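A.B. asks: Got a predicted model here, sequence first, then my questions.
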Amino acid sequence: MQEEQQLEAAADPMSSSDAPEDGPKETSSVSQNISDAEAFKILLEMKMKKRQKKPSLPSTVTELDTKDGSKVYVVGTAHFSDSSKKDVVKTIQEVQPDVVVVELCQYRVSMLKMDERTLLKEAKEINLEKLQQAIKQNGVMSGLMQMLLLKVSAHITEQLGMAPGGEFREAFKEASKVPFCKFHLGDRPIPVTFKRAIAALSFWQKVKLAWGLCFLSDPISKDDVEKCKQKDLLEQMMAEMIGEFPDLHRTIVSERDIYLTYMLKQAAKQIELPRASETEPRRYIPAVVVGVVGMGHVPGIEKNWNSDLNIQEIMSVPPPSASSKIFKLVVKATVFGLMGYGCYRIGQRTVQFILSMPAAQSYLQKLTEIRSQH
């Protein structure tokens with residue numbers, strides 16, 4: 001929640017401490033005589049003038065309406081696509097939104113702050129330290145699932161030479177240029193998704209899925225990515241691998257469709273205008289929201305848009321099943337076994353190396369001579 005508030009502040013230029021302070025003194029003296037409500041009204045009018053009444057939007061944008069007149073523009077993207085970045089920028093510039101919602105949670109917000117080069121390096125480097133961190137944060141099963149999915153993402157990154165989430169970074173940058181625009185994280189926390197996904201699988205399904213993710217190596221071209229504008233590439237690859245597991249598809253895709261829809265509807269609530277005094281009646285205006293989500297989620301959002309949604313059920317984490325406990329023990333035993341064997345091999349080689357050194361051999365020879373004299 002704290003991360004989200006920081007992002008909202010960063011995306012609202014009026015709250016930034018980096019705003020230029022230099023300028024004509026007359027402007028400063030005039031601004032002191034303007035109330036907050038008047039200043040808000042002036043800036044809102046400027047924003048409305050820039051907002052296009054009939055915006056020219058990309059074909060990847062779906063327009064949704066709420067009962068109170070708010071508008072939501074959902075940009076369906078491919079997570080590894082330059083074209084999607086341009087679609088996001090154009091949409092935000094055209095509609096000048098009050099809120100931008102992206103398909104990220106607080107556990108993945110770091111990708112908004114990293115540059116492409118750093119993200120490209122991070123995506124390619126999946127090591128033991130990252131595995132330990134994932135297991136510590138999410139538990140053994142969910143941590144391993146997260147690392148396997150990162151491997152899928154790293155495979156695409158390596159094939160294309162392009163870091164994921166470029167459209168989210170562009171959305172964050174553009175939102176910061178729009179007055180009073182808030183920036184919301186709209187996806188379900190990833191630990192909840194992974195734990196619910198793991199709980200939905202039997203022991204053998206977990207083994208089969210892990211095997212498929214471990215040996216992913218099909219080549220991917222940039223043309224393949226753009227062909228997937230009708231369905232997000234990463235989610236399409238996952239859908240192909242989890243097609244045999246309907247429950248897994250439900251937890252990873254369908255439930256997140258519901259969560260994203262709920263967050264978009266929350267963001268689209270009417271905006272209260274500031275009042276000059278407490279006695280002035282409250283006034284509200286419809287909100288304009290831009291949602292940036294993977295193309296694979298758009299049909300689900302449209303399907304759930306007019307439904308009354310309750311996310312409490314899809315936020316609960318079921319207790320681990322017997323098969324999960326067995327699989328967890330097997331994984332732990334395997335990891336500790338490999339670590340033990342690794343330590344044994346390292347220790348054996350270290351001893352051999354030390355004994356092969358001239359100084360050690362000389363010392364051993366002296367000991368042998370001393371023992372023979374006695």
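C.D. replies: Looks like it came in fine.

A.B. asks: quick one, strands of the stretch 251-374 of the chain?
C.D. replies: Using DSSP state E, counting those that start in this stretch, the strands of the stretch 251-374 of the chain run over 271-272, 284-285, 288-294.

A.B. asks: and Leu64, that's in a strand?
C.D. replies: Yes - with DSSP: H, G, I helix; E, B strand; the rest coil as the criterion, Leu64 is part of a strand.

A.B. asks: As CSV, the strands of the stretch 251-374 of the chain with mean neighbour count, mean pLDDT and distance to Val89 would be great.
C.D. replies: For glycine as for every other residue, the C-beta is placed from the backbone atoms N, C-alpha and C. As requested, the strands of the stretch 251-374 of the chain are exported to CSV (neighbours: other Cβ atoms under 10 Å; pLDDT from 0 to 100; distance: least, Cβ to Cβ, whole Å):
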stretch, mean neighbour count, mean pLDDT, distance to Val89
strand 271-272, 14, 90, 23
strand 284-285, 14, 92, 25
strand 288-294, 27, 97, 11
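
A.B. asks: Export the ones you listed to CSV and append columns for distance to Glu255.
C.D. replies: Below are the strands of the stretch 251-374 of the chain laid out as CSV (distance: least, Cβ to Cβ, whole Å):
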stretch, distance to Glu255
strand 271-272, 29
strand 284-285, 32
strand 288-294, 14
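
A.B. asks: what are the ranges of the helices in the stretch 51-200 of the chain?
C.D. replies: In the stretch 51-200 of the chain, the helices defined using DSSP state H, counting those that start in this stretch lie at 82-95, 116-124, 128-138, 140-160, 166-175, 190-199.

A.B. asks: Tell me which other helices or strands the last one touches.
C.D. replies: Using 3 or more Cβ pairs under 8 Å, 6 or more residues apart in numbering; DSSP states H and E as the contact criterion, the neighbours of helix 190-199 among helices and strands are helix 128-138, helix 140-160, helix 255-267.

A.B. asks: Give me the mean pLDDT for it.
C.D. replies: Taken as a whole, helix 190-199 has an average pLDDT of 85.

A.B. asks: and stretch 197-204, which residues are buried?
C.D. replies: For stretch 197-204, the buried set under the neighbour-count rule, 16 or more other Cβ atoms under 10 Å, comprises Ala197, Ile198, Ala199, Ala200, Leu201.

A.B. asks: do the same with stretch 168-185
C.D. replies: The neighbour-count criterion (16+ other Cβ under 10 Å) identifies 168-172, 174-176, 178, 180-185 as the buried residues of stretch 168-185.

A.B. asks: And Lys41, how close does it get to Pro274?
C.D. replies: In this view, Lys41 and Pro274 are 8 Å apart by Cβ to Cβ, to the nearest Å.

A.B. asks: Could you do Glu45 as well?
C.D. replies: 14 Å.

A.B. asks: And those two? Which one has more around it.
C.D. replies: For Glu45 versus Pro274, the count of surrounding residues by other Cβ atoms under 10 Å is larger for Pro274: 14 against 9.

A.B. asks: Ile42 - how many residues pack around it?
C.D. replies: When neighbours are counted by other Cβ under 10 Å, Ile42 comes out with 11.

A.B. asks: now Pro281
C.D. replies: Pro281: 5 neighbours (other Cβ under 10 Å).

A.B. asks: so what pLDDT did it get?
C.D. replies: 90.

A.B. asks: Once you drop chain neighbours, what's closest to it?
C.D. replies: Arg275 (7.9 Å; Cβ to Cβ, 6 or more residues apart in numbering).

A.B. asks: Does the one you found touch Tyr284 like I think?
C.D. replies: No - with contact defined as Cβ atoms under 8 Å, Arg275 does not reach Tyr284; the gap is 11.5 Å.

A.B. asks: so where's the chain shaky on pLDDT?
C.D. replies: The chain contains residues with pLDDT under 70 at 1-33, 116, 119-120, 122-162, 209-244, 320-374.

A.B. asks: Hmm, Leu64 is touching Lys71, no?
C.D. replies: Yes - counting by Cβ under 8 Å, Leu64 touches Lys71, with 7.4 Å between them.

A.B. asks: Can you give me the neighbour number for the nearest residue to His79 once chain neighbours are set aside?
C.D. replies: Distances taken as Cβ to Cβ, 6+ apart put Pro164 closest to His79, at 4.8 Å, once the chain neighbours are dropped. Pro164 has 22 neighbours, counted by other Cβ under 10 Å.

A.B. asks: surely Pro164 meets Leu104?
C.D. replies: No - taking contacts as Cβ under 8 Å, Pro164 lies outside contact range of Leu104: 11.0 Å.

A.B. asks: which residues are in contact with both of the two?
C.D. replies: Met111 (Cβ atoms under 8 Å, 6 or more residues apart in numbering).
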